[in-house]
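K.L.:
Have a look at this prediction, sequence included:
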Amino acid sequence: MLPSAARTVVCLSLCLCVCQVRGSHIPSKMNRTLQNLLQYYKIPPKDRFSGKPVFAREPLYSRMEIKHLFMSSVLETYEKLIGQMLKQLPTPTPLTATATPGSPSKGVEVRAELNYLLHKIQDLRKHRYQEQSELVQRLQSLGRIQMDNFVVQSKALWELPWLYEQASSLSNEVKMQRRRRRRRRQAQRVKAPPRV
């Protein structure tokens, strides 16, 4: 029994290695880089796994549009976070007589690894989350509106009827789309031949 189970595991492993599995994954270089950085920063496990994640998981269980918007914001935050980590590293110094070109200092390695991660995150945002990034920037600009400025207040009051109408019609449009989808599903159920 054990040899057949072992054979099954080996076959499955071989199949997964040989066949390309569709979907996203973390490249092995990125995984090694993350492990090296975790060792460098030496955060105790009790602090790292305190039960309070940096990024909430709830939005990932929402509709697809919300997931995309949330992930775009998370990636942007990671860009800023890694940028801050790079700023906090000591500045690289020129090679001295004691240092050999083949063995760079730990700070230079960490800088290179952080730059690698930053580049991967920027590529992902650029190629898969461009539209969401633009929307996030527009949403952030709403937070910078000068609430105590009388001119802004007057303009906002002037624009309110049009925006209110747009918001109302958008809400109604979403409801209508849901009704149409529901009706199509019901019609498909009626048209489908009974299962035997």
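P.N.:
That came through fine. Fair warning: this is a prediction, and the values are worked out from it, not measured in the lab.
K.L.:
How are the helices of the chain distributed by residue range?
P.N.:
2-18, 28-41, 45-48, 64-88, 106-128, 130-143, 150-191 (DSSP state H).
K.L.:
Go through those helices and find the least confident stretch.
P.N.:
Lowest mean pLDDT within the helices of the chain: helix 2-18, at a mean of 48.
K.L.:
ok so, going back, between the helices of the chain, which gets nearest to F55?
P.N.:
Among these, the nearest to F55 by Cβ to Cβ is helix 64-88 (5.4 Å). For every residue, glycine as well, the C-beta is placed using N, CA and C.
K.L.:
list the helices and strands the closest one packs on?
P.N.:
helix 106-128, helix 130-143 (3 or more Cβ pairs under 8 Å, 6 or more residues apart in numbering; DSSP states H and E).
K.L.:
For this protein, which residue occupies the most central location?
P.N.:
In the chain, the residue lying closest to the centroid (Cα atoms, centre = their mean) is M71, at 3.4 Å.
K.L.:
Now do the same contact list for A192.
P.N.:
Residues near A192 by Cβ atoms under 8 Å, 6 or more residues apart in numbering: none.
K.L.:
State the distance from it to R182.
P.N.:
Using Cβ to Cβ, to the nearest Å, A192 is found at 16 Å from R182.
K.L.:
Distance check, the spatially closest residue to M30 that is not a sequence neighbour against H127.
P.N.:
Take M30 and drop its neighbours on the chain: the residue closest to it by Cβ to Cβ, 6 or more residues apart in numbering is K120, 6.0 Å away. Distance, K120 to H127, by Cβ to Cβ: 11 Å.
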